[in-house]
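Participant: sequence first, predicted coordinates after that:
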Amino acid sequence: MARGERLRIVAAVLRDQDGRILVSTRPAGRSMSGRWEFPGGKREPGEGRWAALVRELSEELDLHLVEGRPLIRIQHDYPDGPAVDLDVWLVTAWEGAPRALEGQQFDWFAPEALSRLDFLAANTPIVTAARLPDRYLVTPPDFARLEDLVAGVEAAARRGISLIQLRGDWLRQSGGQVAAKEAVARARAAGASVLINGDPGLAEKCQADGVHLPARLAAGLESRPVVRPGLVGVSCHDEAELRHAEALGADFVTLGHVRPTPSHPGAEPLGMDRFLALAGSASLPVYAIGGMGVADLPALHQQSIQGIAAIRGLGRQLFA
Ligand SMILES: Nc1nc2c([nH]c(=O)n2[C@H]2C[C@H](O)[C@@H](COP(=O)(O)OP(=O)(O)OP(=O)(O)O)O2)c(=O)[nH]1
């Protein structure tokens with residue numbers, strides 16, 4: 001390997017029908033042995049990304065991969081080790097039953113349990129990407145009554161939207177906290193996680209799953225506001241905000257707006273090319289925001305983007 005060249009690594013987040021994920025320990029004799037990782041390894045010269053993953057999983061676990069798509073791509077420089085380009089795929093169909101062929105240990109874990117394992121240092125954003133869904137609903141600014149908002153959040157959760165941000169001035173107005181707490185409880189009962197926009201204290205009072213910070217609020221912070229395991233999302237619009245969100249230790253960002261959107265009338269959109277260039281430089285999961293809908297997901301997935309964040313694109317009618 002030429003000096004300064006990055007190792008090109010492919011790895012798989014193998015997810016079974018119950019949502020559990022297979023992870024393995026690095027075998028004795030390898031660098032960083034004993035630490036947890038996702039199965040995979042180095043791409044060979046001239047080898048395609050998927051072909052490399054199929055080969056690695058066959059060699060390591062005796063599995064034949066059938067279906068997968070890119071999940072996240074990050075670069076990491078180990079201080080006393082290699083610089084790696086980690087190309088991680090979500091794999092949902094394979095043939096065979098896993099067998100440890102290289103002296104490693106492996107096990108299946110629920111996504112929430114992964115953050116308790118001693119993973120390789122580069123893997124924190126991969127663990128987050130494995131746990132987060134590809135659709136992130138942001139509540140609309142206009143609705144008739146707080147009861148409608150709460151009912152809309154619950155309906156979205158029941159429909160399978162598993163990450164929801166409560167956003168709006170109503171959070172800080174009369175009855176807002178009670179409504180937010182109710183929305184959190186009902187969404188959680190339906191299997192969703194709920195983040196509160198802009199207010200870590202309110203997130204705690206509502207027993208929410210974390211906080212989503214507007215860029216301006218994030219800019220005034222020097223450290224992450226909520227202790228793990230609560231999620232911290234940050235809204236970003238440019239490179240400086242993205243780098244700041246990474247430095248804060250945010251779990252994920254929304255980046256946009258990608259297209260013109262009624263939420264930001266007159267503001268210049270990033271456009272898809274600029275969005276993809278910025279998102280490609282990120283070392284954490286990125287949701288595209290601004291004029292996005294579920295029809296955009298396949299193309300975004302191909303670019304290793306986590307998914308979309310949307311108000312209208314994910315069921316505006318739920319809040320009518
Ligand atoms: N397979 C895999 N490798 C990872 C993950 N996270 C991470 O930083 N890596 C790094 C560790 C290694 O430097 C490299 C994987 O290459 P490899 O697995 O073929 O390395 P190797 O067994 O030959 O071990 P070595 O050369 O580093 O001793 O990528 C991960 O989740 N899965």
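Facilitator: In hand now; what should we look at?

Participant: what about the most centrally placed residue in the chain, which SS state?
Facilitator: The chain has Ala129 as the residue nearest its centroid, 3.6 Å off, counting by CA atoms, centre = their mean. State at Ala129, reduced to three classes by DSSP: H, G, I helix; E, B strand; the rest coil: helix.

Participant: residues of the stretch 1-150 of the chain that sit close to the ligand?
Facilitator: Contacts of the stretch 1-150 of the chain with the ligand, taken as CB under 6 Å from any ligand atom, map to 7, 9, 11, 30-31, 37-38, 40-42, 76, 82, 84, 86, 120, 122-123. C-beta here means a position set from N, CA and C on the backbone, and glycine is covered the same way.

Participant: go again with 8 Å.
Facilitator: Neighbours of the ligand within the stretch 1-150 of the chain, by CB under 8 Å from any ligand atom: 7, 9-11, 26-27, 30-32, 36-42, 56, 76, 78, 81-82, 84, 86, 88, 119-123, 126.

Participant: got the contact list for the residue nearest to the centre of the chain?
Facilitator: Contact analysis of Ala129 by CB atoms under 8 Å, 6 or more residues apart in numbering lists 13, 71-72, 88, 285, 306.

Participant: still on that earlier bit, kindly write the ChimeraX command that selects the buried subset of the residues of the stretch 1-150 of the chain next to the ligand.
Facilitator: To isolate the buried members of those in ChimeraX, using 16 or more other CB atoms under 10 Å:
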select :9,10,11,26,36,37,38,39,40,41,56,76,82,84,86,88,119,120,122,123,126
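
Participant: just the residues of the stretch 1-150 of the chain next to the ligand: which are in helices?
Facilitator: Among these, the ones falling in helices (DSSP state H) are 56, 126.

Participant: would you point out which residue of the stretch 201-320 of the chain is nearest the ligand?
Facilitator: Per CB to the nearest ligand atom, Ser283 is where the stretch 201-320 of the chain lies closest to the ligand, at 12.0 Å.

Participant: wait, that residue touches Arg73, no?
Facilitator: No. With contact defined as CB atoms under 8 Å, Ser283 does not count as touching Arg73 (9.6 Å).

Participant: ok, which stretches of the stretch 101-250 of the chain are strands?
Facilitator: Secondary structure of the stretch 101-250 of the chain (DSSP state E, counting those that start in this stretch): strands located at 106-109, 135-138, 163-166, 193-197, 210-213, 231-236.
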